[in-house]
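# need coordinates for the following:
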Amino acid sequence: MVKKRDQRPTGRQEINLSGREGGTFFLVGCAMKWCRQLKLDPGPILADATSGDYEHLLRVLDDHFGQYVDFCRS
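A predicted model of the protein is given here:
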């Protein structure tokens with residue numbers, strides 16, 4: 001879920017989109033790591049995630065990994 005930084009913590013990993021962690025290459029690297037950890041094929045997920053703009057990337061990652069991580073904006 002993409003949320004404001006001031007919302008209450010959920011206990012999940014948080015990715016600060018306003019910082020260095022918010023870069024496209026960092027997020028794609030995280031997605032590859034999460035795919036390995038969850039034993040998912042990264043090919044289709046990354047192909048979809050990188051087929052659009054930055055907001056599309058966030059939507060795809062949130063769809064696949066949103067139950068494990070929160071994407072936060074300041």
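# when you work out contacts or count neighbours from here on, use the C-alpha atoms and nothing else.
Will do.
# select the helix or strand of the chain having the lowest average pLDDT value.
Evaluated with mean pLDDT, DSSP states H and E, the helix-and-strand set of the chain has its lowest mean pLDDT in strand 2-4, which scores a mean of 55.
# what residues of whichever helix or strand comes after that strand count as buried?
Once the chain leaves strand 2-4, the next helix or strand it forms, by DSSP states H and E, is strand 13-16. Residues of strand 13-16 classed as buried: 14, 15, 16 (neighbour count, 16 or more other C-alpha atoms under 10 Å).
# and if you look at stretch 21-38?
When neighbours are counted by 16+ other C-alpha under 10 Å, the buried residues of stretch 21-38 are found to be 22, 24, 27, 28, 31, 32, 34, 35.
# now the two most distant members of those residues.
Distances among the buried residues of stretch 21-38 were taken as C-alpha to C-alpha; the most separated pair is 22 and 35, at 18.4 Å.
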